[in-house]
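Participant: Sequence and computational prediction follow.
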Amino acid sequence: MKIFTGKVVSTKMAKTACVSVDRVFVHPVYKKRYRRIKKYFVHDDIGVSEGDIVNFSDSRPYSKTKKWKILEVVRKDKKDDTAKK
């Protein structure tokens, strides 16, 4: 079971969140660090908002591109709380 941590980029689809995962690799020859960013479509049944940091894991396929499920919200976005006040 793979568990990833990423930032919610979009919540415009129904019960779906787009989560961006940022990974750092080291080049085997040049020893330089470089980033790879990949976006995953994740099933959202708990209702997250943009900017939240979430943990998600693999799950049964919900659709053609959605094969992941949110486990928990690690950190809520701070600017989202100030906008509601």
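Facilitator: Happy to help now that I have it.

Participant: rest of the way, CA atoms for contacts and neighbours
Facilitator: Noted.

Participant: Which residue ranges of this structure form strands?
Facilitator: Counting by DSSP state E, the chain has strands at residues 3-13, 16-26, 33-43, 53-58, 66-75.

Participant: would you turn those into JSON lines with mean pLDDT and mean neighbour count?
Facilitator: As requested, those are arranged in JSON lines below (pLDDT from 0 to 100; neighbours: other Cα atoms under 10 Å):
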{"stretch": "strand 3-13", "mean pLDDT": "95", "mean neighbour count": "17"}
{"stretch": "strand 16-26", "mean pLDDT": "96", "mean neighbour count": "17"}
{"stretch": "strand 33-43", "mean pLDDT": "97", "mean neighbour count": "15"}
{"stretch": "strand 53-58", "mean pLDDT": "96", "mean neighbour count": "18"}
{"stretch": "strand 66-75", "mean pLDDT": "94", "mean neighbour count": "18"}
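
Participant: list the contacts for the nearest residue to Leu71 once chain neighbours are set aside?
Facilitator: Leaving aside its sequence neighbours, Leu71 sits nearest to Phe56 (Cα to Cα, 6 or more residues apart in numbering; 5.1 Å). Applying Cα atoms under 8 Å, 6 or more residues apart in numbering to Phe56 gives the contacts Ile3, Phe4, Thr5, Val42, Trp68, Lys69, Ile70, Leu71, Glu72.
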